[in-house]
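**Student:** Could you look at this predicted model? Sequence included:
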Amino acid sequence: AQTVTQSQPEMSVQEAETVTLSCTYDTSENNYYLFWYKQPPSRQMILVIRQEAYKQQNATENRFSVNFQKAAKSFSLKISDSQLGDTAMYFCAFGRVVQGAQKLVFGQGTRLTINP
Amino acid sequence: KAGVTQTPRYLIKTRGQQVTLSCSPISGHRSVSWYQQTPGQGLQFLFEYFSETQRNKGNFPGRFSGRQFSNSRSEMNVSTLELGDSALYLCASSYGTGVNEQYFGPGTRLTVT
């Protein structure tokens, strides 16, 4: 079974700083997807960024980028120029297709606080 | 498009009772997944429905069940509630083919006393 590990339960940085959230996963599969989801306080979970395992190029979405190391099974999220609105729980997720259906496994989450 | 909606948003039940939660997916989405979120266990997958059929199931006891209707709306039922069932229950919808983005609802906060 796949497992996803986020080793940093909590992180705190100053506004405008760069912060990196760690995620490692365990799988014997070759075709899969990786996601970072953001859950702001009392708000809905939204997708931040996704990475297809077959793509070597790291995904980027504005201030958010990933460092995908397939051999090391590592998938970290870098937030540049952090903003107060980035304060949230961040979940790393591993996804693959099982018998035609998508199955996601989430990490335990990292609570990120951006301080003014 | 309207987002994923879940009703009710908050519920308080006592041990032994049963509860039904509802989820309306985004229009056009045929897949609905359910997750249980607790501080200790994080996000755990309950089950996924696609075109009224359960395609995937997590490791939860049979007290947890679900169904999906022809309009893709889904319900989740928990019977014989236990204190440990207190959690935020999230549903997420997607098109359901391959691996694509899941859109989450606001959740139903269930408290069992």
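**Tutor:** Here it is on my side, so go on. Numbers count the residues shown, from 1 in each chain, chains lettered A, B, ... in the order given.

**Student:** what stretches of the chain score poorly on pLDDT?
**Tutor:** All of this refers to chain A. Residues of chain A meeting the criterion pLDDT under 70: none.

**Student:** was after chain B, sorry
**Tutor:** Those would be B:1, if you go by pLDDT under 70 across chain B.

**Student:** interface residues of it facing chain A?
**Tutor:** By Cβ under 8 Å from any Cβ of the partner chain, the residues of chain B that approach chain A are B:3-4, B:31, B:33, B:35, B:42-45, B:48, B:50, B:55-56, B:90, B:92, B:94, B:96-102, B:104-107. All C-beta atoms are positioned from the backbone trio N, CA, C, and that covers glycine.

**Student:** One more pass at 7 Å, please.
**Tutor:** For chain B, the contact set with chain A under Cβ under 7 Å from any Cβ of the partner chain comprises B:42-43, B:45, B:48, B:50, B:55-56, B:90, B:94, B:98-99, B:101-102, B:104-106.

**Student:** How much space separates B:Phe47 from B:Ser93?
**Tutor:** 14 Å (Cβ to Cβ, to the nearest Å).

**Student:** Who has more neighbours out of these two?
**Tutor:** Counted by other Cβ atoms under 10 Å in any protein chain shown, B:Phe47 and B:Ser93 do not tie: B:Ser93 has more neighbours, with 27 against 21.

**Student:** Tell me where chain B has strands.
**Tutor:** For chain B, the strands defined by DSSP state E cover B:5-7, B:10-13, B:19-24, B:31-38, B:42-50, B:53-57, B:64-68, B:74-78, B:87-94, B:103-104, B:108-112.

**Student:** so what does the third one touch, helix or strand wise?
**Tutor:** When contacts are defined as 3 or more Cβ pairs under 7 Å, 6 or more residues apart in numbering or on different chains; DSSP states H and E, strand B:19-24 sits against strand B:5-7, strand B:74-78.

**Student:** got the angle between the longest one and strand B:31-38?
**Tutor:** Using axes from the mean of the first three to the mean of the last three Cα atoms, to 10 degrees, the inter-axis angle of strand B:74-78 relative to strand B:31-38 is 40 degrees.

**Student:** tell me how far strand B:74-78 is from the chain's mean position?
**Tutor:** Distance of strand B:74-78 from the chain centroid (Cα atoms, centre = their mean, to the nearest Å) equals 6 Å.

**Student:** distance of the spatially most central residue of chain B from B:Ser74?
**Tutor:** Taking Cα atoms, centre = their mean, the centroid of chain B lies closest to B:Trp34, which sits 3.3 Å from it. According to Cβ to Cβ, B:Trp34 stands 7 Å off from B:Ser74.

**Student:** Need the residues touching each of the two.
**Tutor:** Here B:Trp34 and B:Ser74 have B:66, B:91 as joint contacts, going by Cβ atoms under 7 Å, 6 or more residues apart in numbering or on different chains.

**Student:** Done for today, thanks.
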